[in-house]
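Enquirer: generate coordinates for the sequence data below:
(one chain, ligands or ions: 1)
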Amino acid sequence: MCGIVGYVGHRDAADVVVEGLRRLEYRGYDSAGIALVHDGHVVARKRAGKLANLDKALADDPLPPAGTGIGHTRWATHGPPTDRNAHPHLGAGGRVAVVHNGIIENFARLRADLERDGHELRSDTDTEVAAHLLEAAVEAGSDLTEAMQQVCRRLEGAFTLVAIDGADPDRVVAARRNSPLVVGVGEGESFLASDVAAFIEHTRDAIELGQDQVVTISRDGVEVTDVDGRPAEAGSYRPYHVDWDLSAAEKGGFDWFMRKEIHEQPAAITASMLGRHDAQGALQLDELRISEEELREVDKIILVGCGTANYASMVAKYAIEHWTRIPCEVELAHEFRYRDPILTRATLVVAISQSGETADTLMAIRHARQQRAKVLAICNTNGSTIPRESDAVIYTHAGPEIGVASTKGFMTQLVACYLLGLYLAQVRGTKYGDEIAQIVGELEQMPAYVQRLLDASEQVHRLAEELSTARSVLFLGRHTGFPIALEGALKLKELAYIHAEGFAAGELKHGPIALVEDRLPVFCVVPPPGRDQLHDKMVSGIQEVRARGARTIVLAEDGDEEVAPYADDLIRLPRVPTLLQPMVAVVPLQLFACELATRMGHDVDQPRNLAKSVTVE
Ligand code: G6P
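Expert: Model prediction:
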């Protein structure tokens, strides 16, 4: 969703801001704009559509040199994506310019008040009221920092606001409430952005801000206050060093970030495992800030997340319940708090979020903490809001994920869930040390197994070629293969925009089988043989769809010959324990969705209508 950049320093602000916006494109947007302070005035350009439209506007009518500026990529909420509604928005006299992410919930009332006072608002957005209010405050004699503090006290909702004042070239001022914002600290220059990717080529020193803080950046540094103007307390914001560099935010020879990220999965798994067990395989999650005693008291786990993270939660339930015997519930974050869930001090809520900024998940954990439950975040983004507001965090260390459709994010969420499950089993004594060490040993093999599947991408690519005109694809799985079927279908919906559905194979005969028609492609994730009768039941399901004309694309482990006669296409998976099979089974499905969407001519990294981090509820 919306991307924000602010800059003050010795470089050309237009270059820094536009390049920053380019690095935030992945978040999803439908218009873009920029404003600079030049010679006592604000100058701005904005255009509906992709950044190329703004680039063209800037080429036709270049901006003057400036050292202070802000920029924005907008994902429309209030008003359609037009030039007029694009950010920045200017105050009544054009002195103050503002960009905004989030929703100002009381904007209608504020707008009515402004109009009564003679203000003429030019757009349909909620943002423009903030521009008018800020400008009125600086016109009345406040500096931009004080103006921001005053205005924030009047706003309700979730927002990041970043503003410049044409009469004050030395500062950019921002505020955040329930919406992402990080600060970059350079030499004689400072940055603001929705995430560090926007300024990583200039500095890796960042500050994560607390809730309801106002930050003023200048060439000399950074000042943080609360909305009442009091200096922010030590510890309420946190300087940190970003542990990846620009190359991680570039495509490195791949056509898409998504394809690159699929191929980075072996390294991402290794990074997620690093330092988390000793030579004997005993787990050590040093960064977990919940004591062993508290973990022993947990009597229920609720896993919350959205989209792909929800499917990681579903996989986690199978593993954690089996290893620890603690009952686990899986809940979509946006449904969680509205159904009045039963939470006690002995409930552990596990919030899974790649970005750490998903508003639905954030609201879920706030509710959980109000009810005194413990919250543990599994997150890929250092400095983001969800881990900051949780009692504990396991970072997934996958490096930046830029493709909107999550791949290495999902893979490392699985790793973190397995590590958490094993750690709980270790602390509570529900598994012997050698059993834990054995599973850890299996996890250690995963990078090689995933690499083998990546090396065999050609088979999946051929399949994508053959199926490039499919209008509907089904995915079947049982046990941990069920969430993988759902994830395979989600990837296709996100990227190829075709009807795709995942089902628990056992549910097939209760309805979905009616969808099966001649030549319908059906992916079937087959559990390893030997786990009760799961395998045989899955094979029966495959026979049932095939008998009705489906084209079966079967994912089955090496040596599973029983299923071969019923597979029109057979994708071989390395032999792994049933609970870990999702880590290998998901890979061909990711490759398939990426390749099919590429062949269909779609933008794989920025699918239509989607945003990478959904920062509004
Ligand atoms: C958006 C993305 C999905 C992602 C979901 C959860 O909807 O398009 O790909 O799975 O958000 O994101 P999170 O950052 O919380 O994991």
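
Enquirer: ok, and the closest non-adjacent residue to S355?
Expert: Leaving aside its sequence neighbours, S355 sits nearest to S613 (Cβ to Cβ, 6 or more residues apart in numbering; 3.9 Å). To be clear about C-beta, it is placed using only N, CA and C from the backbone, and glycine gets the same treatment.

Enquirer: now the closest residue to L419 other than its chain neighbours: how far from E401?
Expert: Take L419 and drop its neighbours on the chain: the residue closest to it by Cβ to Cβ, 6+ apart is R276, 5.7 Å away. To E401, R276 is 20 Å away according to Cβ to Cβ, to the nearest Å.

Enquirer: so which of those two has more stuff around it?
Expert: E401 (26 against 20; other Cβ atoms under 10 Å).

Enquirer: ok, the more buried one touching T407?
Expert: Yes - counting by Cβ atoms under 8 Å, E401 touches T407, with 7.4 Å between them.

Enquirer: mutual contacts of the two, please.
Expert: Both E401 and T407 are contacted by E261, under the criterion Cβ atoms under 8 Å, 6 or more residues apart in numbering.

Enquirer: pLDDT score assigned to whichever residue of the stretch 451-600 of the chain sits closest to the ligand?
Expert: For the stretch 451-600 of the chain, the residue closest to the ligand is E494, as judged by Cβ to the nearest ligand atom, at 6.7 Å. Per-residue pLDDT puts E494 at 94.

Enquirer: going by contacts, tell me the helices and strands next to the host helix or strand of it.
Expert: Element membership for E494 (DSSP states H and E) is helix 481-496. If you count contacts as 3 or more Cβ pairs under 8 Å, 6 or more residues apart in numbering; DSSP states H and E, helix 481-496 packs onto helix 308-324, strand 472-477, strand 499-504, strand 521-525, helix 581-599.

Enquirer: count residues in the vicinity of A52, would you?
Expert: Neighbourhood size, A52 [other Cβ under 10 Å]: 10.

Enquirer: quick revisit: quick one, the helix holding E494 and strand 499-504 angle?
Expert: 170 degrees (axes from the mean of the first three to the mean of the last three Cα atoms, to 10 degrees).

Enquirer: so helix 481-496 versus strand 521-525, what angle?
Expert: Using the same axes, to 10 degrees: helix 481-496 against strand 521-525 is 140 degrees.

Enquirer: roughly how far does E264 sit from the ligand?
Expert: Separation of E264 from the ligand (Cβ to the nearest ligand atom, to the nearest Å) stands at 16 Å.

Enquirer: residues near the residue nearest to that residue when sequence neighbours are not counted, how many?
Expert: The spatial neighbour of E264 that comes closest, neighbours along the chain excluded (Cβ to Cβ, 6+ apart), is K408 at 5.3 Å. A count of nearby residues for K408, using other Cβ under 10 Å, gives 29.

Enquirer: now do the phi/psi pair for K408.
Expert: phi -70, psi -20 (degrees, to the nearest 10).

Enquirer: show the pLDDT at it.
Expert: On the pLDDT scale, K408 is placed at 97.

Enquirer: then L508?
Expert: 87.
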